[in-house]
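Enquirer: the following comprises the amino acid sequence and a computationally predicted model.
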Amino acid sequence: MKAVSVFGVIGAAVVSSVFTGAALADMPSIMSMRDRAELQDQWLAQRLEAIVPQLMRDNGVDMWVLIAREYNEDPVLSTMLPADWLKTARRRTILVFCDRGPDAPLERLAVSRYSVGEFFESAWNPEEQPDQWKRLTELIQERDPQRIAVNMSPDFALADGLAAAEMSMLQSALPPQLRARQVSSEPLAIGWLETRTDAEMAVYPQIGAIAHAIIGEALSDRVIKPGVTTTKDVEWWCRERVAELKLDTWFHPSVSVQRHEESSEFVDLFENQNDVIRPGDLVHIDFGIDYLGLCTDTQQMAYVLKADETAPPQGLVEAFKIGNAMQDILIGQFEQGRSGNEILKAALEEAASQGITASVYTHPLGFHGHGAGPTIGLWDQQGGVPGRGDYRLNANTCHSIELNVEVPIPEWGGQKVLIMLEEDAFFDGESVRWIDGRQTELLTIP
C-alpha cells in the first residue's frame, strides 16, 4: 500500500519524551474523555476517506461488507465505530463500502435502523423492508459488485471477524451468483488495521511517553522497597496507576526477577512469580496501555543495588548493551516488501555471526497490542511462523520490537541472564524510528 498522509487538528498539545532509563520521565498531560472522543472521531473520518478507498482499489474489491452483533464484535468493525459507541455494535450492525468508480467518492452505508454516527448513512427502513438480510441483498444487487469482500481469514484472527451464524445467514440471503463473488477481505482488514496516519503518529509519541513514565515510576524506590515489595505488588501498582490516570491496559502487567543463583533460590522466569524483590535482583517488567485507541507494549529492566554498590555489576551493563545491539540488528533488517519470516531469519543469522545468542518475537502494534501485520518470530517458533510470518512489511506501520539475548555474567560465576527488551517503533517505508525512544541503560533502584 502507498504511503498515507493525513493531517488534522489533534485537539491537544503533544508532549514527547525520550526515555533513556537515567531518570523518571515526566508524565505528559492526559486528555479528558470528551476531548479523546472528538480526536478519535477526527482520526476515523480521515482514515475512512484516505485508507479504505485506496485499499479497495489496490486489491480490486468493489464492495466490502462487515457484519457483527452486539457483544460478538468483529475486530475491524469495532475500529470503525464512533468513539462514544465504545467499540460496540448495536443489535446487528452491517457496514457496507461500495466503490462506484474512481471519479466518485466511496459509498458508506449502514444496513441498520440508524446511521452510524456521521460515518455510515442508514440504508434500511424496517417499516418498508422488515428483513435486514433482504435489504442487504437488495443493496448488493442494485450495485452489482464483481468482488465482495467479507471478513474471513485462515491466518489472521483480526481479519476473521464474521461469526459462523452471521456467515450462514449471509449465504442464505444471497443468490448463487452473488455468493460466487465473495472473497476474503484479509488484505483490506489487515491494511486498515496496520496503517497509521500522520495525525496518529503526531500523538503516538505522547502515548509512548505516558507508558514510559509509568514504568519509570514502577521501577523506582517510589514503588519498590527492597526486601519488602513483591513482584505482584508492582504488577498491581501498575494496574492501580493506570486506573488513576483514566487509562486502560490491554493485558495484565508482569514483573519478574533474575538473581545470582543461590542453590534452591534460582528463580524461574516463566513461573507465576510472587517473589520478594531483593538487593542484587535484576527486575523485568512487561507493560502496555491503551489510550486514544492505540496500544503500547514495553519491556524494560532495572537492577536493585546492594548496600555497597553504586552501579550495577559491569557484566550486567555489558549484557544490556548487547540487548540494544540486537535491537539495532533487527530493525536494520526492516525492508518494505520483506516477509516477517525473511526478517527473522536475516536478523538471527546476523546475530549469530556476531556471537549473540538471541530470540526474536516481534509483532505489529496499533489498534491492538498484538496487532495486524507481519509476525516476526514467536518465542517458541524461531524458524518462522507459517501464514502470519509470510505477510509482508508495509510502510506506515508500527511494531513492538520484542526480543531477548542470553548473556553469561562474570560477576555471577558465568551464570546466564536474559536481557528481555521491548520498545515500540514506526516504519515509514525507508527506516525505523523509536516512537518514544528506548531504554539504553539499566534503571537502578534506588
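Expert: Structure's in. What do you need? Given the structure is predicted, the values throughout are model-derived calculations rather than measurements.
Enquirer: from here on, contacts and neighbour counts on C-alpha atoms
Expert: Fine.
Enquirer: which helices and strands does the lengthiest helix in the chain pack with?
Expert: The single longest helix within the chain, with elements called by DSSP state H, is helix 33-58. Packing partners of helix 33-58 (3 or more CA pairs under 8 Å, 6 or more residues apart in numbering; DSSP states H and E): helix 186-194.
Enquirer: how many degrees apart are the helix or strand just after the longest helix of the chain and helix 186-194 in direction?
Expert: Next along the chain after helix 33-58, taking DSSP states H and E as the criterion, comes strand 63-69. Computed by axes from the mean of the first three to the mean of the last three CA atoms, to 10 degrees, the angle separating strand 63-69 from helix 186-194 equals 70 degrees.
Enquirer: what about Tyr71, neighbour count?
Expert: With neighbours defined by other CA atoms under 10 Å, the count for Tyr71 comes to 12.
Enquirer: quick thing: my sequence starts at 16, can you match it?
Expert: Happy to do that; since the first residue is 16 now, the last one works out to Tyr86.
Enquirer: the longest helix of the chain: which residues count as buried?
Expert: Residues 51-59, 61-63, 66-71 are the ones in helix 48-73 that count as buried (16 or more other CA atoms under 10 Å).
Enquirer: any idea of the angle that helix forms with strand 78-84?
Expert: Interaxial angle of helix 48-73 relative to strand 78-84 (the same axes, to 10 degrees): 140 degrees.
Enquirer: what segments of the stretch 16-165 of the chain are helices?
Expert: All helices of the stretch 16-165 of the chain, identified by DSSP state H, counting those that start in this stretch, fall at 48-73, 90-93, 147-158.
Enquirer: which of those sits closest to Cys113?
Expert: Closest to Cys113 of the helices of the stretch 16-165 of the chain is helix 147-158 (CA to CA; 7.9 Å).
Enquirer: show me the contacts for the residue nearest the centre of the chain.
Expert: Taking CA atoms, centre = their mean as the criterion, Leu380 is the residue nearest the geometric centre of the chain, at 2.4 Å. Leu380 makes contact with Glu209, Cys310, Thr311, Asp312, Gly386, Ala387, Thr412, Cys413, His414, Ser415, Asp439, according to CA atoms under 8 Å, 6 or more residues apart in numbering.
Enquirer: make it 10 Å
Expert: Residues near Leu380 by CA atoms under 10 Å, 6 or more residues apart in numbering: 208-209, 211, 309-312, 386-388, 412-416, 439-441.
Enquirer: what is the mean pLDDT for the longest helix of the chain?
Expert: Averaged across helix 48-73, pLDDT comes to 97.
Enquirer: show me the shaky parts of the stretch 166-315 of the chain.
Expert: Filtered on pLDDT under 70, the stretch 166-315 of the chain yields the residue ranges 277-287.
Enquirer: please compute how far the longest helix of the chain lies from its chain's middle.
Expert: On the basis of CA atoms, centre = their mean, to the nearest Å, helix 48-73 sits 17 Å off its chain's mean C-alpha point.
Enquirer: ok, stretch 91-108 next?
Expert: Centroid separation for stretch 91-108 versus its chain: 19 Å, with CA atoms, centre = their mean.
Enquirer: list the buried residues for that stretch?
Expert: Neighbour-count burial for stretch 91-108, with 16+ other CA under 10 Å as criterion, is recorded at 91-98, 102-105, 107-108.
Enquirer: among the residues you listed, which lie within strands?
Expert: Applying DSSP state E to the buried residues of stretch 91-108, the entries found in strands are Arg107, Thr108.
Enquirer: now the two most distant members of the buried residues of stretch 91-108.
Expert: Among those, Ala98 and Arg107 lie farthest apart (CA to CA), at 18.1 Å.
Enquirer: so where do the helices sit in the stretch 216-365 of the chain?
Expert: Using DSSP H, counting those that start in this stretch, the helices found in the stretch 216-365 of the chain span residues 246-259, 329-346, 355-368.
Enquirer: turn these into JSON lines, including distance to Gln273 and mean neighbour count.
Expert: Listed next are those as JSON lines, based on distance: least, CA to CA, whole Å; neighbours: other CA atoms under 10 Å:
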{"stretch": "helix 246-259", "distance to Gln273": "12", "mean neighbour count": "17"}
{"stretch": "helix 329-346", "distance to Gln273": "11", "mean neighbour count": "19"}
{"stretch": "helix 355-368", "distance to Gln273": "23", "mean neighbour count": "19"}
